[in-house]
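[1] how would this look folded up:
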Amino acid sequence: MVKRNNSSNSKSVEAEVWNYEAKVAEIEGIIDRIEGGELDLADVFEQFAQAVEYLRECESFLRQRQQQVDLLIETLDDQ
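    Residues are numbered from 1 along each chain as shown. Below you'll find the predicted structure:
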């Protein structure tokens, strides 16, 4: 039987938060390069597609966290 440790779970959440922040930074970098005219047209489309994918990942992450918060609030309301 495998026993889970809460500290390892919190590390996992921290890694996800860092991942989110890293994705946001990457999106901002892509926007800066596009706006700065640093990319060829083909690269603009490629980078734009990558930014959209990162945005989808971020949206999914935030949606999951919102569901967790809503559940915690419901738990508090039930008490």
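[2] what ranges do the strands span in the protein?
    Secondary structure of the chain (DSSP state E): no strands present.
[3] Scan it for its longest helix.
    helix 41-78 (DSSP state H).
[4] And the pLDDT for residue 37?
    If you check residue 37, the pLDDT there is 95.
[5] Lowest mean pLDDT among the helices and strands of the chain, which one is it?
    helix 6-35 (a mean of 77; mean pLDDT, DSSP states H and E).
[6] and residue 39, how many neighbours?
    15 (other Cβ atoms under 10 Å). Bear in mind the C-beta positions are built from the backbone N, C-alpha and C, glycine included.
[7] measure it to residue 31 for me?
    As for residue 39, its distance to residue 31 is 11 Å (criterion: Cβ to Cβ, to the nearest Å).
[8] cool, residue 76 as well?
    From residue 76 to residue 31 the distance is 38 Å (Cβ to Cβ).
[9] pLDDT at residue 79, what is it?
    Reported pLDDT for residue 79: 75.
[10] for residue 44, same thing?
    For residue 44, pLDDT reads 97.
[11] So it is in contact with residue 35, correct?
    No. If you go by Cβ atoms under 8 Å, residue 44 and residue 35 don't touch, sitting 10.3 Å apart.
[12] of these two, who's got more company?
    residue 44 (15 against 8).
[13] That one: what's it in contact with?
    residue 34 (Cβ atoms under 8 Å, 6 or more residues apart in numbering).
[14] Alright, I will stop here.
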